[in-house]
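*Asks:* Would you be able to build a 3D model of this:
(one chain, ligands or ions: 1)
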Amino acid sequence: MSWALGIDASTQSCSALVIDPAEGTVIAEASVNFGQRLPQYGAPNGFIPNGCSGEVHADPRMWLDALDLLFQDLTEQIDLSRVKVISGAGQQHGSVYLGNDWETVLAHLDPGKPLSLQIAPALTRESSPIWMDDSTPEECREIAQVLGGDKEVCRRTGSVMTERFTGPQIRKFFKEQPNAYVETRRIHLVSSFFCSVLTAKDAPLDTGDGAGMNLLAINGWKWDDDLLQATAPQLEEKLPRVVTGDHPAGVLGPYFVKKFGFADQIPVLVFSGDNPSSLVGAGAARSGSPVISLGTSDTIFAALPEVSPDPNGSGHVFGNPLGGGMSLQCFVNGSLAREAVRDRFHLDWEGFTRALQEAPVGNNGNIMVPFFRSEISPRVALEAPLLAGDRAFVSGENAGSWVRGCVEGQCLNFKTQTAWMGLSPESILLTGGASRNDAIAQVVADVFQTPVDRLAVENSVALGAAMRAAAVSGRVGINDLEERFCRVLGGERMDPDPACGEIYAKLEKDFRELLGTVLD
Ligand code: XUL
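*Replies:* Take a look at the predicted model:
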């Protein structure tokens, strides 16, 4: 049997999943946590702590050491010669800067020495800015100004200028270290950096990760000349090629064949970003079912029926690895808001759930815009929730009405803010910590008037990468792969109560009005 290997190069760890596509089974899983396994890099959470003015960087040598350890761990579990195809995904937006000898170094990797030691001399920037870095508001303003404003940038690239995106990060590097910028021959994303190392040659980017740079035109998935020029000189020649997600990047390099016992000449598919890969791993890359991930912040992503940007500029459009586009919308006030309400009334999660269930659907018309800190969907600077309703609610005396107000407010905001995606889903896929909470899942189903399923897979990023790899190898189609691997929790579907439809339609109108009072 032939296996497919998916790699997830994420913020805190580098993980792998090996699947047997024909049998529908997981053969092996491994994960190298940077903080635990590589403490010498002083990055307990995967990034260098205490960066100045919002800078968040990581050491690319740490990522390379983790890749060596990851394969070492896998060899202790399985015979890697049975892997027949590989792909992967990286944390989005992070960038790696390489000089003239980059390709020579890749072509001569010696399996007797660690990757980090051999590749380090090719780096022209010691550390890599990652997605948590928000140190570039000035560069964002400068680039947007040249283009005629954020609306235009969003129309072209699918996102307004965004601090963590790679373009403004490149501009900052160019301004602060002009000589090192000139010495840089190639700027890779985390995904294409890993893919290059695996294939021992300079790898392309896919449209999924490429669109997270504020440099790629979503109309045609080509570099935008005006944005390139506004960002930094001679930038196009420093960027990799952009290809669609079904594009082969090369074959696995001899370093890995000799060191870890992989077979010769196995194909490596172009890598993608972690969110696009997760779309595939969730089984949502073709269905149009949005995935709602309830985490510290909440995220919604979906395959887009049409590649067009959010007119309000708060959502993002990336390439979908299976073709077309996908959306990504982040909500800062996710668990952060749910926890703020829980703590205000000294509840535990059980008490929070009971309070939610005991308060009536529609919360007697009491509405909360549950922003306890500045929100990005929509962009609004608030430090406390907006409230409209009866006196007891507004003065915050009653736990039930606040808990329900918070959860209903979050779901109404999800619905309002994702209308631009133009979805008409048959179901919603819920994942993340709070997704197992039936009471919360029921509110999602009732507000959207759509059945809600809970995703059974947890490592959807690595799974998505392995599935993409398996699909291009041609032996098992994506339909079968989705059926075999993208399961939802059986018997746990939450169906919407049609009686709630009208209540929430009215509440949504009132919610929009209340929110409108703080929008420009
Ligand atoms: C998306 C984003 C994060 C990273 C890291 O825009 O910044 O989700 O991809 O996971």
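*Asks:* Okay, and residue 453 sits in which element?
*Replies:* Element membership for residue 453, per DSSP states H and E: strand 452-454.
*Asks:* residues making contact with that strand?
*Replies:* For strand 452-454, the surrounding residues in contact (CB atoms under 8 Å, 6 or more residues apart in numbering) are 427-431, 435-436, 441-442, 444-445, 488-489, 492-494. In this view, the C-beta of every residue, glycine as well, is placed from N, C-alpha and C.
*Asks:* Residue 335: what's it in contact with?
*Replies:* Residues near residue 335 by CB under 8 Å, 6+ apart: 294-298, 433-434.
*Asks:* Hmm, residue 230 and residue 146 touching each other?
*Replies:* Yes. The criterion here is CB atoms under 8 Å, and residue 146 meets it with residue 230 at 3.8 Å.
*Asks:* Just want to know which of these two has more residues nearby.
*Replies:* Using other CB atoms under 10 Å as the criterion, residue 146 and residue 230 rank with residue 230 on top: 22 against 14.
*Asks:* List the residues that contact the more buried one.
*Replies:* 142-143, 146-147.
*Asks:* again, only this time at 7 Å
*Replies:* Each residue near residue 230 by CB atoms under 7 Å, 6 or more residues apart in numbering is listed here: 143, 146-147.
*Asks:* just residue 198 next, same as before
*Replies:* 86, 252-253, 256, 268.
*Asks:* I'd like the next helix or strand past the helix or strand containing it.
*Replies:* Using DSSP H and E, residue 198 maps to helix 190-199. Note on helix 190-199: by DSSP H and E, the next helix or strand toward the C-terminus is strand 205-206.
*Asks:* Mind listing residues that contact whatever helix or strand comes next after that next one?
*Replies:* Sequence-wise, the next helix or strand downstream of strand 205-206 (DSSP H and E) is helix 207-210. By CB under 7 Å, 6+ apart, the residues outside helix 207-210 that reach it are 90, 92, 189, 191, 216, 221, 242, 244-245, 272-273, 276, 318-321.
*Asks:* which of those come close to the ligand?
*Replies:* Contacts with the ligand within the contacts of helix 207-210, counted by CB under 6 Å from any ligand atom: 92, 273.
*Asks:* From the contacts of helix 207-210, which land in helices?
*Replies:* Of those, the ones assigned to helices by DSSP state H are 191, 276.
*Asks:* Return the member of the contacts of helix 207-210 nearest to the ligand.
*Replies:* Checking those against the ligand by CB to the nearest ligand atom gives residue 92 as the nearest, at 3.3 Å.
*Asks:* Distance of the residue in the stretch 251-400 of the chain positioned nearest to the ligand relative to residue 503?
*Replies:* In the stretch 251-400 of the chain, the residue found nearest to the ligand is residue 274; the distance is 4.7 Å by CB to the nearest ligand atom. Using CB to CB, to the nearest Å, one gets 37 Å for the distance from residue 274 to residue 503.
*Asks:* Quick check: residues of the stretch 201-350 of the chain near the ligand?
*Replies:* Counting by CB under 6 Å from any ligand atom, the stretch 201-350 of the chain sits next to the ligand at 212, 273-275, 328.
*Asks:* Could you tell me which of those residues count as buried?
*Replies:* In those, burial by neighbour count holds for 212, 273-275, 328, counting by 16 or more other CB atoms under 10 Å.
*Asks:* Fine by me, we can end here.
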